[in-house]
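[1] need the 3D shape of this:
(one chain, ligands or ions: 1)
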Amino acid sequence: MSADPDLVELARFATLAANGHNTQPWKFHLDPATVSIFPDFARRTQVVDPDDHHLYVSLGCAAENLSIAAHSTGRSTDLIFESGPQTRIDIALANGTVRDEALHQAIPLRQSTRSDYDGQPISASDITLLKAAARQEGVSVLIFTEASDREAILDLVVEANSAQMDDPAFVAELRDWIRMSPKQALETQDGLFAACTGNPIAPAWIASPLFDMFFQKDSENDKYRTQIRSSSGIAVFVGDAEDPEHWVKVGRSFQRFALQSTALGIRNAHINQPIEVAKVRPEFARWLGMPDARPDLVVRFGRAPALPMSLRRPIAEIMI
Ligand SMILES: Cc1cc2nc3c(=O)[nH]c(=O)nc-3n(C[C@H](O)[C@H](O)[C@H](O)COP(=O)(O)O)c2cc1C
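    Residues are numbered from 1 along each chain as shown. All right, here's what the predicted structure looks like:
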């Protein structure tokens, strides 16, 4: 690869970002003055994400990682969302001061931790740091730590999760992105490797019946009940508008929230069912007291041991 190794390293850090179903729906173009991140629509998940909302949020997560990695090397960044036929995020690089080192160090350590947490409260000073990290023009972040609020959100997660589990198209799409065997996870270097989701791993030949055995509506709902009740709180991200530019902003805000959590030893995991199921989303927006808004992400947080890290495809595969 002839690209500047320094820029390749920035792109590598970008790919470690959170992204829906670990589809890694991005392509990178590296220019010394401007790095561009393009959507890879071949990696859409059209059942769970029919309007590419998650895809653009994922691009925002990657752009934020890239920006933080650039700041840690003494560059400044200016992110511009370009819409139209060549939709992309341009990240202009210039000389600046070294900053964001704690968030930079958290990039390779951040993970979605889909396990039970320890149920202990997070200190008010840590919550203040999380809110400050997530601050982003065009995005509101609401933090819920009361048990009664967690229960109300849990009810909506169970309602929406039940609808998804009853939808054969949703289950088929998810199955396509699940990697139950280590061999399959290593071959594709994408998707949801079972070990990273706290599920059993299995050789490919038995993966399909095992998936059917483990992936049942009642047991999944019970899992979410325990996971949400053991969490210290839930963060909800709401963009000011319902368009790709704001979805990118939501991704940037969430990624910084996740990195600041990681730096504080706090884990997080998405419980996005209430924003993914179209008929539950307005109910959730009303519960939030924002009936005209589209809530974008729902994320629980708390403390727990790490799970195995998820894989990423090689950089050479995502360069254009
Ligand atoms: C927009 C978006 C939506 C996501 N939705 C979910 C979700 O509904 N459930 C879940 O468990 N993880 C969800 N995730 C987390 C991804 O599955 C995760 O980031 C990806 O598998 C990579 O793993 P990592 O975060 O551990 O690096 C979502 C992430 C993003 C950015």
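[2] and residue 114, which of the three is it?
    In three-state terms, and counting by DSSP: H, G, I helix; E, B strand; the rest coil, residue 114 is coil.
[3] confirm for me that it is in contact with residue 230.
    No: Residue 114 is not in contact with residue 230 according to Cβ atoms under 8 Å; the separation is 11.8 Å. All C-beta spots, glycine's among them, are computed from the backbone N, C-alpha and C.
[4] which one's more surrounded, these two?
    With neighbours defined as other Cβ atoms under 10 Å, residue 114 and residue 230 compare such that residue 114 has more, 21 against 18.
[5] tell me how far that one lies from residue 227.
    7 Å (Cβ to Cβ, to the nearest Å).
[6] overlap in contacts of these two?
    Both residue 114 and residue 227 are contacted by residue 269, under the criterion Cβ atoms under 8 Å, 6 or more residues apart in numbering.
[7] ranges for the strands of the stretch 201-320 of the chain?
    With DSSP state E, counting those that start in this stretch as the criterion, the stretch 201-320 of the chain has strands at 233-239, 267-270, 295-302.
[8] same thing with the stretch 51-200 of the chain?
    Using DSSP E, counting those that start in this stretch, strands in the stretch 51-200 of the chain cover 75-82, 88-95, 139-144, 178-179, 192-193.
[9] mind listing what residue 61 touches?
    When contacts are counted by Cβ under 8 Å, 6+ apart, residue 61 is found next to 17-19, 251-252, 254-255.
[10] what does residue 30 give?
    Residue 30 makes contacts with 3-4, 7-8, 10-11, 319, as judged by Cβ under 8 Å, 6+ apart.
[11] what do you get if the cut-off is 6 Å, keeping everything else the same?
    3, 7 (Cβ atoms under 6 Å, 6 or more residues apart in numbering).
[12] which secondary structure element of the chain has the lowest mean pLDDT?
    Taking mean pLDDT, DSSP states H and E as the measure, the chain has helix 204-214 as its least confident helix or strand, at a mean of 81.
[13] if you count neighbours, what's buried in it?
    Neighbour-count burial for helix 204-214 flags 207, 210-211 (criterion: 16 or more other Cβ atoms under 10 Å).
[14] sweet, I'm off.
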